[in-house]
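> model the following, please.
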Amino acid sequence: MTPERPERPERPDGTSASPAGVPRHVACVMDGNGRWAARRSLPRTSGHRAAESTVIDVIEAARTAGVEWLSLYAFSTENWRRPSGEVDFLMGLVRRVVRKHAPLLHARGIRCRFLGVTDPRIPAPLARDFADLMTLTGANRGLTLTVAFDHGGRGDIVEAARSLIRSGVPADAVDERRFAAHLPFPDTPDVDLVIRTSGEQRISNFMLWQVAYAEWIFPQVLWPDFRAPHFLECLGAYRQRDRRFGAVAPYTNGEPHP
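Residues are numbered from 1 along each chain as shown. From the prediction side, this is the model:
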């Protein structure tokens, strides 16, 4: 007689997760735009432009697969170091993409958020478009799409610490859950799966608190070539992982230990 499968393991954020199920929260480090362009003897901006179709394809793939939260790393606090021409192009491209796809995202019931968006160098029209899209989709109850733009994981942790100090929370009253409540969008669950395209294997200061127990997959394909089948392959690989969160699970890949 096959024993009953145990309760799903509790994640550090207090919610449950199943190694055999669809990840609740998937995050993507969209890497490889520049190399995609270089291999075609094109300017780096061409790689960024080509990435638009990938973004839309991955959002739709995540939504139809049953992923509840999708986070995309679009622009880091360190990306301000790039050549000014490339940065200016990215600002204009992101604004065009936001304005172009806002009706579709809203029609699909997707709630949109922007993690970061604090640097005064962000053009005011782009910041307004971010705010308008968040307002437009704020009541939606489908997939929550978080775009990390002008984001740095260390910066988020520093700001949470400052918020705790300003709130007058005694030091001995600070635990992980109280600290997490002071992070941006504190209702965001921990990341279950991070996909970083192009084969690079770095965290790159991305959602450092939320990825503490995430599974990582590093497909070799460059982001502009990444499509729904690649995304679904990553979900399939995730289902083969055993998520123990520091404990010893009674099951390995769905089979009970002897």
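> all helices for the stretch 51-200 of the chain, in order.
Assigned by DSSP state H, counting those that start in this stretch, the stretch 51-200 of the chain shows helices spanning 84-107, 124-137, 153-167, 176-180.
> got CSV for these, with mean pLDDT, distance to Val221 and mean neighbour count too?
Any C-beta I mention is one placed from the backbone N, CA and C, and that applies to glycine too. Compiled in CSV, these are given as follows (pLDDT from 0 to 100; distance: least, Cβ to Cβ, whole Å; neighbours: other Cβ atoms under 10 Å):
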stretch, mean pLDDT, distance to Val221, mean neighbour count
helix 84-107, 97, 21, 15
helix 124-137, 97, 28, 15
helix 153-167, 96, 25, 15
helix 176-180, 96, 33, 14
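> closest to Leu115 out of these?
Among the helices of the stretch 51-200 of the chain, the nearest to Leu115 by Cβ to Cβ is helix 153-167 (7.9 Å).
> which elements pack onto the closest one?
helix 176-180 (3 or more Cβ pairs under 8 Å, 6 or more residues apart in numbering; DSSP states H and E).
> just list the residues touching the most centrally placed residue in the chain, thanks.
Nearest to the centroid of the C-alpha atoms of the chain, with distances taken as Cα atoms, centre = their mean, sits Ser71, at 2.3 Å. By Cβ atoms under 8 Å, 6 or more residues apart in numbering, the residues touching Ser71 are 25-28, 115, 145-148, 188, 191, 207.
> just put the helices of the stretch 51-200 of the chain in JSON lines and tack on distance to Tyr238.
What follows is the helices of the stretch 51-200 of the chain, written out as JSON lines (distance: least, Cβ to Cβ, whole Å):
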{"stretch": "helix 84-107", "distance to Tyr238": "24"}
{"stretch": "helix 124-137", "distance to Tyr238": "27"}
{"stretch": "helix 153-167", "distance to Tyr238": "21"}
{"stretch": "helix 176-180", "distance to Tyr238": "23"}
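> for Arg202, find the nearest of those.
helix 153-167 (12.2 Å).
> how about residues contacting that closest one?
Helix 153-167 is contacted from outside by 77, 115, 174, 178-180, 182-184, 203, 205-209, using Cβ under 8 Å, 6+ apart.
> what is the nearest of those to Phe226?
Within the contacts of helix 153-167, the smallest distance to Phe226 is 16.7 Å, found for Phe206 (Cβ to Cβ).
> name the nearest residue to that closest one, sequence neighbours excluded.
Excluding the flanking residues, the one nearest Phe206 by Cβ to Cβ, 6 or more residues apart in numbering is Tyr73, at 5.1 Å.
> how many residues are close by that neighbour?
Residues within reach of Tyr73, counting by other Cβ atoms under 10 Å, total 24.
> just confirm it contacts Ala27, I think it does.
Yes - Tyr73 is within contact range of Ala27, at 7.2 Å (criterion: Cβ atoms under 8 Å).
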